[in-house]
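# Kindly return the folded structure for what I paste below:
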Amino acid sequence: QVQLVESGGGLVQAGGSLRLSCAASGRTFSIYNMGWFRQAPGKEREFVGAITWRGGSTSYAESVKGRFTISRDNAKNTVYLQMNILKPEDTAVYYCAAGLTWLGESRYSYDFWGQGTQVTVSS
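Below is the predicted model:
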């Protein structure tokens, strides 16, 4: 079992930056691939990006590629989502997730989810 807690969300102006953190409990964190998803009101939860269990590979949705960066620190049981050049369309609740699928882009690739953190980007 892995428990995930996201933090770092908030209100930011367009063009600004935020860094989200996802803290995991459990000694097996380092074996899990991690993903970030987001869900805007009235929309489906969508893939943002993922990182492999060692952090050697990442993948991103086209909409965030070049602006968002995922990293992890297994010693701290934490995964990060650095978000730069934020746009109003990035407004959503952001979730981190843990799973065993390599760079999975489907929500069904992940077994454990955090409660989410709200990101609001004003224009």
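
# tell me which residues in stretch 99-119 are buried?
Judged by neighbour count (16 or more other C-beta atoms under 10 Å), stretch 99-119 contains these buried residues: 99, 103-105, 107, 109-110, 112-114, 116-117, 119. Placement of C-beta: from N, CA and C, glycine included.

# For that stretch, the averaged confidence score.
The predicted model assigns stretch 99-119 a mean pLDDT of 94.

# So for that stretch, first residue to last residue, what's the gap.
23 Å (C-alpha to C-alpha, to the nearest Å).

# From the chain's centre, how far out is it? Work that out for me.
8 Å (C-alpha atoms, centre = their mean, to the nearest Å).

# Quick check: pLDDT value at the residue nearest to A50 when sequence neighbours are not counted.
Closest residue to A50 apart from its sequence neighbours, by C-beta to C-beta, 6 or more residues apart in numbering: G35 at 4.2 Å. Looking at G35, its pLDDT stands at 97.

# Helix or strand: which one has G35?
Using DSSP states H and E, G35 sits within strand 33-39.

# Sitting in strands, which of the buried residues of stretch 99-119 do you find?
Among the buried residues of stretch 99-119, the members found in strands (DSSP state E) are G99, F112, W113, T117, V119.

# ok, what's across the strand from the first one?
So the one you mean is G99. Listed by DSSP bridges, the beta-bridge partners for G99 are N33.

# which residues sit in contact with it?
The contact partners of G99, by C-beta atoms under 8 Å, 6 or more residues apart in numbering, come to Y32, N33, G35, S109, Y110, D111, F112.

# what residue lies at the spatial centre of the protein?
W36 (2.6 Å; C-alpha atoms, centre = their mean).

# Just give me the neighbour total for the residue nearest to that residue when sequence neighbours are not counted.
Spatial nearest neighbour of W36, chain neighbours left out: V48 (4.2 Å); criterion: C-beta to C-beta, 6+ apart. When neighbours are counted by other C-beta atoms under 10 Å, V48 registers 25.
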